[in-house]
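Participant: Give me a 3D structure for the following:
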Amino acid sequence: VSAHIEALEAQDPDLPYLRFSERESTIMGTRTSNMFLVLLAAYTSLICLFIIGTVLCVQQLFESRKCRHQYELLLHMGADRSDLKKGIRKELALYFLLPTVIPLIYSGIYLWVVFNTKLFAPKDVWFGVIIALLATALVYGIYYVIAVTQYQTYVLREPRYQVGDL
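Facilitator: Down below sits the predicted model:
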C-alpha cells in the first residue's frame, strides 16, 4: 500500500497536501461532533438539575406540613427558635446534598476517561467543569435557599389564635 501511495505522490506533488487537508477536515468534523455532544449533555444535565431541584423543594415543603405539629411541641417544651432554624438548615442541606453523591462519582469517572483519551485539551475541559460546577451550585443553591426559607416560615411561624381560643 505504501508503495502505491509513493507512486501516486510521484505523479502528483500536491497529493501530500490533499491528504493533510483531508485529515484536518476529518479532525475538525470529529471535534465539532464531540463539542455538539458535550453541549447536548450540558443542556440535558441542566434540565435534569432544574427538575431535581424542583422535586426536592416541593417534597420538603409538603413534608413541612406533616412536621409542623412536632415543631410546635418542641417550641412549647422550651426549644429555642434559632436552634430549630439551624436544625432545619442542616437537615435540608443533608437532604439536598445526598442526591449529588452518585453524580459526583460518575462525573469523576467521566473526567478521568476524558483526560485519558485526550479528546479535548485539558484547559478546555477544566474551563467547562468549572462553569458546570458554578451553574450547578447556583441553581441548586437557589432551590436550597427557597426550601429552607419556606420550610422555616411554615413550620416556625407564630400560631394565630382565634377569638374562641381565648
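Participant: contacting residues around Gln152?
Facilitator: Under the criterion of Cβ atoms under 8 Å, 6 or more residues apart in numbering, the contact partners of Gln152 comprise Lys85, Ile88. Bear in mind the C-beta positions are built from the backbone N, C-alpha and C, glycine included.
Participant: residues touching Ala93, list them.
Facilitator: By Cβ under 8 Å, 6+ apart, the contact list for Ala93 reads Tyr144.
Participant: check which helix or strand covers it.
Facilitator: Secondary-structure assignment from DSSP states H and E places Ala93 in helix 81-97.
Participant: Of all the residues in that helix, which ones are buried?
Facilitator: By neighbour count with 16 or more other Cβ atoms under 10 Å, helix 81-97 contains the buried residues Leu84, Ile88, Leu92, Phe96.
Participant: now, which of these sits nearest Phe115?
Facilitator: Within the buried residues of helix 81-97, the smallest distance to Phe115 is 28.9 Å, found for Phe96 (Cβ to Cβ).
Participant: Quick one: residues contacting the nearest residue to the closest one once chain neighbours are set aside.
Facilitator: Setting aside the residues directly before and after it, Phe96 is nearest to Tyr144 in space (Cβ to Cβ, 6 or more residues apart in numbering), at 5.1 Å. Residues in contact with Tyr144 (Cβ under 8 Å, 6+ apart) are Leu92, Ala93, Phe96.
Participant: Next one, pLDDT for the second one please.
Facilitator: Per-residue confidence (pLDDT) for Ala93: 90.
Participant: count of neighbours near Val148?
Facilitator: Other residues within reach of Val148 by the criterion other Cβ atoms under 10 Å amount to 19.
Participant: and the helix or strand where it lies, which residues are buried?
Facilitator: Taking DSSP H and E as the criterion, the element that holds Val148 is helix 122-155. For helix 122-155, the neighbour count (16+ other Cβ under 10 Å) marks Gly128, Ala132, Thr136, Tyr140, Tyr143, Tyr144, Ala147, Val148, Tyr151, Gln152, Val155 as buried.
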